[in-house]
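Undergrad: Next comes the sequence, and after it the predicted model I'd like to discuss.
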Amino acid sequence: MSPSELAVQEARSTPNQPRVVNDFSIQVATVNGSGSQTANLVLLRSLLLMGIPVSGKNMFPSNIAGLPTWYTIRASKRGYIGRKKEVDFLVAMNPETAKEDVLTLDAGCAVVYDEPLKLNALRRDLTCYAVPFDKLVAPVCPDAKLRRLVRNMIYDGVLARLLGIEMPLMEQALQKQLGRKAKAVALNLAALEAGWDYAEKHLAKQDPYFIERMNETAGKILIDGNAAAAIGCMMAGVTVVAWYPITPSSSLCESLIGYMKKYRVDKTTGKATFAIVQAEDEIASLGMVIGASWAGARSMTATSGPGMSLMSEFAGLAYYAETPAVIFNVQRVGPSTGLPTRTAQGDVIKAALLSHGDTRHILLIPASVDECYTMAMDAFDLAERFQTPVFVLMDLDLGMNTWTSDPFAYPTRPIDRGKRLTAEKLKALGEWGRYKDVDGDGIPYRTIPGDGLPAYFTRGSGHNAKGQYSERPDDYVDNVDRLARKFETARAHVPAPIVERAAKAKIGIIAYGTSHYAAGESRDQLREEAGVETSYYRLRAYPFTADLPAFIDAHERVYVVEQNRDAQMLELMKMELAPEQVAKLRSVLHYSGLPIDARSISDDLLSQEGFEVAKPTTGRISAGSAGGE
Amino acid sequence: MSPSELAVQEARSTPNQPRVVNDFSIQVATVNGSGSQTANLVLLRSLLLMGIPVSGKNMFPSNIAGLPTWYTIRASKRGYIGRKKEVDFLVAMNPETAKEDVLTLDAGCAVVYDEPLKLNALRRDLTCYAVPFDKLVAPVCPDAKLRRLVRNMIYDGVLARLLGIEMPLMEQALQKQLGRKAKAVALNLAALEAGWDYAEKHLAKQDPYFIERMNETAGKILIDGNAAAAIGCMMAGVTVVAWYPITPSSSLCESLIGYMKKYRVDKTTGKATFAIVQAEDEIASLGMVIGASWAGARSMTATSGPGMSLMSEFAGLAYYAETPAVIFNVQRVGPSTGLPTRTAQGDVIKAALLSHGDTRHILLIPASVDECYTMAMDAFDLAERFQTPVFVLMDLDLGMNTWTSDPFAYPTRPIDRGKRLTAEKLKALGEWGRYKDVDGDGIPYRTIPGDGLPAYFTRGSGHNAKGQYSERPDDYVDNVDRLARKFETARAHVPAPIVERAAKAKIGIIAYGTSHYAAGESRDQLREEAGVETSYYRLRAYPFTADLPAFIDAHERVYVVEQNRDAQMLELMKMELAPEQVAKLRSVLHYSGLPIDARSISDDLLSQEGFEVAKPTTGRISAGSAGGE
Amino acid sequence: MATPAKVNRIGLEPQVYKGGKTTLCAGCGHNAISERIIEAFYEMGVDPQRVVKLSGIGCSSKSPAYFLGGSHGFNAVHGRMPSVGTGALLANKHLLAIGISGDGDTGAIGIGQFVHLMRRNLPIIYIIEDNGCYGLTKGQFSPTADLGSKLKTGVVNDLPPIDTCALAIELGATFVARSFSGDKKQLLALLKAAIAHRGTVMLDVISPCVTFNDHEGSTKSYAYVKDHDDPLEEVSFIPFFEDINVDYLPGSAQEVAMHDGSKLMLKKLEEDYDPTDRIGALRRLHEAARRGEFATGLIYIEPDRDDFLTLLNVVDEPLATLPLERVRPGKEALEEIMEGLR
Amino acid sequence: MATPAKVNRIGLEPQVYKGGKTTLCAGCGHNAISERIIEAFYEMGVDPQRVVKLSGIGCSSKSPAYFLGGSHGFNAVHGRMPSVGTGALLANKHLLAIGISGDGDTGAIGIGQFVHLMRRNLPIIYIIEDNGCYGLTKGQFSPTADLGSKLKTGVVNDLPPIDTCALAIELGATFVARSFSGDKKQLLALLKAAIAHRGTVMLDVISPCVTFNDHEGSTKSYAYVKDHDDPLEEVSFIPFFEDINVDYLPGSAQEVAMHDGSKLMLKKLEEDYDPTDRIGALRRLHEAARRGEFATGLIYIEPDRDDFLTLLNVVDEPLATLPLERVRPGKEALEEIMEGLR
Ligand SMILES: Cc1ncc(C[n+]2csc(CCOP(=O)(O)OP(=O)(O)O)c2C)c(N)n1
Ligand SMILES: Cc1ncc(C[n+]2csc(CCOP(=O)(O)OP(=O)(O)O)c2C)c(N)n1
Ligand code: SF4
Ligand code: SF4
Ligand SMILES: [Mg+2]
Ligand SMILES: [Mg+2]
């Protein structure tokens, strides 16, 4: 682009906007497999190093290379880390989507684009910066084959200059990202600088977006939820893992393998204190977990919706046979051959009721990477304490995206291995029966193979309290009533909700998992834009804890925010709440496959409250390729 | 037993009871694999031939031979065909359970028993008839190997004499049962007569139970629900069946094979108008059904809970890919290695929501063998009309027990093959899109391979209205919203409930499936014994039809009667009814594995209504073997 | 003057046999296989309306979208293509079914359905696009990964591979072949023969994953496979509608007569190889594997066994479209049944 | 004077190795197998506390309740015993696992898990109680039903059987044998050898279903199997703790040294049979099948391959009971990880 062209474009922008500092979103549109992930993570980390609360979300297609991908980075001085619906600053690298990407922007946005795309011709209400990426990459990367990968680093340099990100921090982020690969570091540093230099020389700042140092991120880490959960599993002392690859859960087990190889192999003997098996499918995965848990190991698997569906039969068996099992479900959009790389909270009611017959499962629902870590530990404790499957419901957004967090605290609590019979206990009990409710909490004592204590023959429901085969109606009823009692006991042991009561709020909001961030931001919007005060109840587990009814009672209307079509958590609530409480419940749903955003919640809630809501903003992102197969 | 012993025993009985005519239950306790099924069915049919409303229920163990089995026949002049909780007349053939069988009887009951068991010594408040079965069988059956099988026919003869069943009808029933097996007929006739003769000569009638001719069964048939459903499937024009054996659904497909071989094979060419495949498992069964339906066949499978669990993933795919599928689930007690030979309505909510993600399925719930027949036809029509899986929820009680019914009516309605694109329609539409909602009812038009019309590539949810690959958020939302609309459309097309409004009733009862009979009988008990009038709503399908709220509104309290622990249908109702309606709902549950009985409902309902209810009757049957392994 | 368009024997242009634009990685072996499928169906003059394409889940299972755009296709669930294909063929026995699977889709989650499809000799062309890894989930080992093969991360596979060809032979498939996505000629000939065969065709095509499994140390890299390809014979296919006579020295070639009158000519590269000898075929597979090589070509054929649809003895018309009168027995039938129940 | 109780080498009486009273049909082959298992474990002096019994669903899968009453058992779901067994062994590698399955449980719904268990060479004794039918669901054909075998109703099976032994050999099992519930001596010897083997033992025991599949026309009836039993060798087992020397004519027997020092003596009935030759074993199975016979005895053995648990290289103690300090890395570890994420 010649300087004169640039001048034309400057005229088109709207230079009189006020400065927007540390409060905007950058979207990078590329194709996957093009190495853009490195550039995006470096950008993300550089903002973290600038001390600014930041979040990054990857919208990627269900293939390996060559299809459109959007990475969105949000800087938010107020600490909002949910998805922002509107894009403020676009980096348009992908010819295939560039036109639509630009056309869907709000007026006043900024665009850095690959010069040949000539996007400046499309609209006059944007600030456009053309960058000749190919021309810039050639000199810094003589090896033509590597250029495709290095090219993206150039936009980091451009953005650093345009937004005011400090280059030393950018370089530090790059070093961190690429680790000890010296050659790659050198190449990318050169590209970074080429971008900076080009912007310095050729691009005149016209947009209102600025990054300035803050001090909000000292000591923070950057991690995805899957890796966080993996650390939690390791710290929980998991010993047997069986898994089958599936997006978006694979990286949980893959991270775990990495950590375990490093920290759970005996330094002297080279022997592992764990066994991790890539099973032939999800049925086998859960079967192995059940077998291992039955034999006394802390055992887990991770999967997503299709895998969970396949686990249905075994999940019911484990519920009835009372074997522990920890199952991570990193949720994605259903069904199979659905949208495996999009996020959802769509398996909630399914997990709660998984299997045929009368079954009910414990669910833990982390909202943050820190909770992925801590709840992984909770899950093992609860599974062993209650001798039952425990599902940890994450989602793609939490599991695969990179989040900032305080560093994880070393666990102070010992692990809870539940009611294992011991020789002393046996003596105290006099007679042991595998399914006897000796403590009145529904939880029986168990023995494990090889422990030298009485053996029993494990089956589903066809047994009496002693564990002997029985088809007697009374034995069956006694047993399933005890199981129901056991589930009731669990209410007091699952993670309690995090509740924020606003003094005069008539409205309550209930959210869970990753809906939390958008819900929190929406509460600010509601207060600040519409004067609506809200209380907040962040649900963290099923069965619901005893305080849920009270929260609802304390408000006139309560909105349950979730990321599925059928309001699944609300359905679970309706199943057990009193009608007076149900009467107060409303639903806010978001189920497009993109992470939920605050604006959508606020608009929906306000319109249900009778407010006039502006037409949805145009800031609808074009994530997703269509047609033409 | 000598006549003098008999005299002792007579003294013990209570001869002053009033005559009880055509209103009592007979329970035959044997071991399975002993040929008692023939004797029991002959007894059952003889009562039918006597013109008396009758029902038979088999409580059998989960093995093949040698374990306790109880067959209960109920004669009811008022036409009650649900299980009667109390046993009035016991035939105790099984040494293993005889003691407990006798000890759990109410006072005044009658017992025919195998003499060596000496059951008369156990209680003085029963009428006991000793029969030396071994002595009687030897002369009528010279072949010692066959005696085990023939021996049971003797108690039919004894009962005929004691109760007053006409021998010619008994013989007619026997002929019918054994068909053309002349040798077997002769042997069994001899045994029947030996029983009669023995009773005639040695047993003095002391109990109050009598059978007398009525005229309530003219033209009626005797059939089990599985066979009835099979006839319905054949009449529906099913062409592809894939199944995997599982109790209690196997006999549905096995009956179907029998009928199809007889009526659906071309007489001249010997070629079949159907393909029935025993698949390798239930996942494959449903896969085959989906493939066949997709390619245009009317296709079905039948299974039970464990199989349905395994079908979860495929069920979700079919919902999203919009392929028809008819799935019979003959419910049994969960889970796997549970009580496979006991009945339950335990898969209701699971079937409705089967699979991960946002899915919702149509359920049809027959209560009678006639409905098994008609709803089988409805199921295919609905599956093709709505291009979605349809579950027919039966249960072991309905599917495997023998029921009386009016003969089935020949279908008058043509079959509905749903919205299949034709060349004309294509012309009219201009452009076809596989998932376009052209009629506003959520139902798109489909083409099938080989029809010469436009082809499409079938996937789950990753497509736009034209059927092209898409990951666009808006395409996804549009599509799943249309699916929800389609499900709404179905409300008006599923079988409507059968409603009986009682003029001044404040109480409503909702029941479904086999709970119907006990519910109906309970309504009479409530009226006659406690003066409680009730209205009745027999639910026959999910989604619920539009009149459900109105029924609830019209009553103060509504009891939902079902055979599972968790009140699953009630849960489904709570998920969608208004809080005012939910507030009126109560639950009556029965989940011991035995069919529900009227007395249990009445007692439970009355106690919820604040009535003083007598302690449960002792008539608790000992069905089920325990322990000892 | 427009040159007359190139058409096949049923008058269709090559274009008709193409599909959507591939979304697989550039250079992926699967794309080469799609191209051969397009050629084979074009050259054999198959009516696309008669074809159904089935697949499971994986990069490979996506590929049916990239050929035969005018045919119906069904991208089913992971590992369950066989059952969906079986159902489709039960509904309409005149369909020509081609199923595409991956080594993960078939060898791991789908091995059960694979076994039973082979056993039934279902008339389907079952192709495994075999790259020894799970491409779509980013490169984990699949059950066909060879002992000692390395992941990019350096992890070594310590389990023996499942040889899908040996398995298929053991289980009763009647046409078992192995090929290489890089061997255009062999693959094309085998695909044409597959179209002509009546019964299960199991065609394992080694198809390198250029993104995750094409490095040094991988035994499924393009280079490794090219180097270790051990063809059993030179395969050529002579369709029934072409009148070609090929002369071979006596004993130097074996001619296999196909069901539809086509001929498969196998020019021997080894004196004693006989693809109709089951145990010989198994031995040969084991031997090649022991040497770290891939025996390719037609490994086993049994041209005359009844396929599953024949065993079922159904009417000639597709079951899917039989009219009501053919599928609903008359009133008398119902009455007879009722009478039997009284 | 009380006679001293008969005890085995670890001092336990035979009674200890018994289980609950069988609920299977009188005469069921499965009961005979349970009896041999009781004998084998007694005579080998296995500590019942070390044993875990796993099964799927079926009459066969019920039978673990009828032997080794003092051992833990798990009656899992249909066809999935292998995964539960795998899990149990992962948790505690010192357990001795015996899995009982049926031909339906293994051959139909469970064939996928079967394939992968064999491939892994998991150290388990995997017994198929093979009656060619689904006993517990009343006699339908299973995938091991032979071509042409008849149901009681006269229906003829028109699909070829899956030969689980051939499959196991193809897949990598290291001890593959077939026996007959009616051949006490052979079965007992094989079971003892199974206990001594380290790796997957796949033992297919033909076990007639007297209720549904014991009639004329069935190829799995007691009479038919007795008539068509084709033993490969006379098997005897000499446990490591017994000092027996058996003399055979040179060349008339093959001695297989087991992992624990025991010896398996195979008195040859055929000159050339060598159970360490994979392809020879497959050929012999095929030949017997072609003749309508069942080759029984030790079909294949590979005594030295590393089993799955060895490959995993885990610590010597059971994973199940490692104390917290062994399974939770220290504070430094977490800090190091956190530092890497900053
Ligand atoms: C039930 C289920 N489990 C797991 C997955 C995730 N998954 C998608 S493709 C795939 C493996 C594909 O490997 P392969 O069949 O070899 O195909 P390739 O991509 O290598 O061509 C897996 C595990 C899934 N879609 N469904
Ligand atoms: C998921 C599931 N499908 C079907 C069944 C029903 N079922 C129980 S046992 C059995 C077959 C058993 O056959 P086999 O394994 O050969 O054992 P056998 O009874 O012959 O010893 C079947 C199909 C089940 N329990 N679970
Ligand atoms: S990841 Fe591998 S298998 Fe998948 S498209 Fe790319 S090269 Fe092909
Ligand atoms: S039905 Fe057959 S397999 Fe089952 S217990 Fe009886 S004889 Fe054995
Ligand atoms: Mg692959
Ligand atoms: Mg069997």
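TA: Looks like it came in fine. Ligands and ions are numbered 1, 2, ... in the order given.

Undergrad: Check which helix or strand whichever residue of the stretch 451-600 of chain A sits closest to ligand 1 maps to.
TA: For the stretch 451-600 of chain A and ligand 1, the shortest gap (CB to the nearest ligand atom) falls at residue A:593, measuring 16.1 Å. No exception for glycine: its C-beta is placed from N, CA and C like everyone else's. For residue A:593, there is no helix or strand it lies in under DSSP states H and E.

Undergrad: pretty sure it contacts residue A:340?
TA: No. Counting by CB atoms under 8 Å, residue A:593 does not reach residue A:340; the two are 10.1 Å apart.

Undergrad: what touches both of the two?
TA: residue A:333 (CB atoms under 8 Å, 6 or more residues apart in numbering or on different chains).

Undergrad: what about these two, which has more around it?
TA: More crowded of residue A:593 and residue A:340, by other CB atoms under 10 Å in any protein chain shown: residue A:593, with 27 against 24.

Undergrad: How about the residue of the stretch 451-600 of chain A closest to ligand 1, nearest residue that isn't a chain neighbour?
TA: residue A:342 (3.0 Å; CB to CB, 6 or more residues apart in numbering or on different chains).

Undergrad: before we move on, what about residue A:498?
TA: Residue nearest to residue A:498 in three dimensions, not counting chain neighbours: residue A:538, with 4.4 Å by CB to CB, 6+ apart.

Undergrad: wait, is that neighbour part of a strand?
TA: Yes. Counting by DSSP: H, G, I helix; E, B strand; the rest coil, one finds residue A:538 located in a strand.

Undergrad: Dig out what it forms beta bridges with.
TA: Beta-bridge partners of residue A:538, counted by DSSP bridges, are residue A:498, residue A:511.

Undergrad: Tell me the spacing between it and residue C:264.
TA: Residue A:538 sits 67 Å away from residue C:264, going by CB to CB, to the nearest Å.

Undergrad: ok, now which ones touch residue 116?
TA: No chain in the question, so chain A it is. A:132, A:134.

Undergrad: my bad, chain C
TA: B:279-280, B:284, C:82, D:108, D:111, D:143.

Undergrad: Identify the residues contacting the residue of the stretch 451-600 of chain A closest to ligand 1.
TA: So residue A:593 contacts A:333, A:339, A:342-344, A:623-624, B:471, B:473, B:476 (CB under 8 Å, 6+ apart).

Undergrad: So residue C:45 is in contact with residue C:7, correct?
TA: No. Applying CB under 8 Å as the test, residue C:45 and residue C:7 come out as separate, 9.2 Å apart.

Undergrad: and the residue in the stretch 401-550 of chain A that ligand 1 sits nearest to, how many neighbours?
TA: Residue nearest to ligand 1 within the stretch 401-550 of chain A: residue A:401 (19.3 Å; CB to the nearest ligand atom). The local packing of residue A:401 (other CB under 10 Å) involves 25 other residues.

Undergrad: OK, contacts around residue C:68?
TA: Going by CB under 8 Å, 6+ apart, the list of residues near residue C:68 reads C:17-19, C:37-38, C:41, C:48, C:51, C:53.

Undergrad: Relative to residue B:469, how far out is it?
TA: 16 Å.

Undergrad: How about residue C:89?
TA: Distance from residue C:89 to residue B:469, by CB to CB: 25 Å.

Undergrad: Going by length in residues, pull out the top helix of the chain.
TA: Because you didn't say which chain, this covers chain A. helix A:182-202 (DSSP state H).

Undergrad: nope, chain C
TA: Longest helix in chain C by number of residues (criterion: DSSP H): helix C:29-44.

Undergrad: Tell me the strands beside the helix or strand just after that one, with direction?
TA: Counting by DSSP H and E, the next helix or strand C-terminal to helix C:29-44 is strand C:51-55. If you go by DSSP bridges, strand C:51-55 pairs up with strand C:72-75 (parallel), strand C:96-102 (parallel).

Undergrad: picking that back up, lowest-confidence member of the contacts of residue A:593, which is it?
TA: The member of the contacts of residue A:593 with the lowest pLDDT is residue A:623, at 52.

Undergrad: Stretch A:259-271 - what's its average pLDDT?
TA: Rounded mean pLDDT across stretch A:259-271 is 95.

Undergrad: Going by neighbour count, list what's buried in it.
TA: By neighbour count with 16 or more other CB atoms under 10 Å in any protein chain shown, stretch A:259-271 contains the buried residues A:259-260, A:263-265.

Undergrad: what do you get for stretch C:317-328?
TA: C:318-322, C:326-328.

Undergrad: Which members of these occur in helices, if any?
TA: When the buried residues of stretch C:317-328 are checked against helices (DSSP H), the matches are C:326-327.

Undergrad: Quick check: of the buried residues of stretch C:317-328, which lies closest to ligand 6?
TA: residue C:319 (31.0 Å; CB to the ion).

Undergrad: Show the low-confidence segments of the stretch 101-250 of chain C, by residue range.
TA: Applying pLDDT under 70 to the stretch 101-250 of chain C flags no residue at all.

Undergrad: Swap in 90 and give it another go.
TA: Applying pLDDT under 90 to the stretch 101-250 of chain C flags residues C:153, C:243-250.

Undergrad: For it, just list every one of the strands.
TA: All strands of the stretch 101-250 of chain C, identified by DSSP state E, counting those that start in this stretch, fall at C:124-130, C:133-134, C:140-141, C:175-180, C:201-206, C:229-231, C:233-238.

Undergrad: now for the ones you listed, which one comes closest to residue B:389?
TA: Nearest of the strands of the stretch 101-250 of chain C to residue B:389, taken as CB to CB: strand C:124-130 at 24.3 Å.

Undergrad: which other helices and strands contact that closest one?
TA: Under the contact criterion of 3 or more CB pairs under 8 Å, 6 or more residues apart in numbering or on different chains; DSSP states H and E, strand C:124-130 touches helix C:29-44, helix C:59-62, helix C:81-91, strand C:96-102, helix C:103-107, helix C:111-120, helix C:184-196, strand C:201-206.

Undergrad: got the angle between it and helix C:29-44?
TA: Angle, strand C:124-130 to helix C:29-44, by axes from the mean of the first three to the mean of the last three CA atoms, to 10 degrees: 150 degrees.

Undergrad: Strand C:124-130 vs ligand 1: in contact?
TA: Yes. Contact of strand C:124-130 with ligand 1 (CB under 6 Å from any ligand atom) involves residue C:129.

Undergrad: Strand partners (parallel or antiparallel) of that strand?
TA: Going by DSSP bridges, the partners of strand C:124-130 are strand C:96-102 (parallel), strand C:201-206 (parallel).

Undergrad: Enumerate the positions of the first one that are buried.
TA: By neighbour count, with 16+ other CB under 10 Å as the criterion, the buried positions of strand C:96-102 are C:96-102.

Undergrad: Could you do stretch A:79-90 as well?
TA: A:80-90.
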